[in-house]
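Engineer: Output the structure for:
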Amino acid sequence: MNHGYSQFCPVAKATELLCERWTLIVIRELVAGGRHFNELRRGLPRMSPTLLARRLRQLVEYGVVTKHPERGGQQAYALTQSGLELAPLIEALGIWGHRWVGSRLQDGDLDAGLLMWDIRRGVDGSCMPEGRIVVTVELHDAPEGMRQWWLVCDDGAVDLCLEDPGHEVDILVQSPLRVLTEVWVCHTSLQSALDSGALRVLGSEALTRVFSRWFVGSSIARAGAASLLTNPIAA
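Structural biologist: Got it, this is the predicted structure:
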């Protein structure tokens, strides 16, 4: 870690560990259910593997995270009691960020891979009919090689593919990257994006009707949006 604040205050001591670059974002991924190194990297695409390994070592050293081997030699990470007690802090930061700074999305904040990974783990697979449902997402202005994605929902479990899995497509979603991002983080409602024509959802009437219950938005963003309804910002 960097040099501390040389203060006895518990806030200072906590921030010496938690406020190093990327640390809270790593904890966010663990709170979201990430367990393995490569899985964590999917949610941290712009963090170097070396820095991720260093931050995980620090969190293990301070008892925030445990690390244990699984069959096949793969290492698994999990939050300890100390780490789990940070979950409300992560949610509170997310709600505050949604209320006060989240609307300031810059072009550099947009990331097709991160968006689709968050969608994959955030959609409500239980809303889809039984059996396999394939959703193709076309982001026409994303970088080349990141413009077409497939979400395969099979009896509630959702998998994400960047290559065509070879199944018949049931729902086609077409959107600019920014529009789909803003819908996912609850800056724009799905209905308003559909009404404006900026986002299109094509498929059978039965499946497109259930899409809005399936595509619910980021859990932290939903909490932030709910807080604006219950506690509006004064003009």
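Engineer: For the worst-scoring helix or strand of the chain on mean pLDDT, output the C-alpha coordinates as CSV.
Structural biologist: None of the helices or strands of the chain scores lower by mean pLDDT, DSSP states H and E than helix 205-214, at a mean of 90. The C-alpha trace of helix 205-214 is given here as CSV (Å, rounded to 0.1, in the frame of the first residue of the first chain):
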residue,chain,number,x,y,z
GLU,A,205,-44.9,-10.6,-29.4
ALA,A,206,-44.8,-13.0,-26.5
LEU,A,207,-41.0,-12.7,-26.1
THR,A,208,-40.7,-9.0,-26.7
ARG,A,209,-43.4,-8.4,-24.1
VAL,A,210,-41.4,-10.3,-21.4
PHE,A,211,-38.2,-8.6,-22.4
SER,A,212,-38.8,-5.6,-20.2
ARG,A,213,-39.2,-7.9,-17.1
TRP,A,214,-36.0,-9.7,-18.1
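Engineer: Tell me how far it lies from the chain's centre.
Structural biologist: Remark: helix 205-214 is offset 21 Å from the chain centroid, using CA atoms, centre = their mean, to the nearest Å.
Engineer: what about residue 38, which helix or strand?
Structural biologist: Assigned by DSSP states H and E, residue 38 belongs to helix 37-42.
Engineer: Just the buried positions in that helix, please.
Structural biologist: Buried residues in helix 37-42, counted by 16 or more other CB atoms under 10 Å: 37, 39, 40, 41, 42. In this view, the C-beta of every residue, glycine as well, is placed from N, C-alpha and C.
Engineer: following that helix, which helix or strand shows up next?
Structural biologist: Next in sequence after helix 37-42, counting helices and strands by DSSP H and E, comes helix 49-61.
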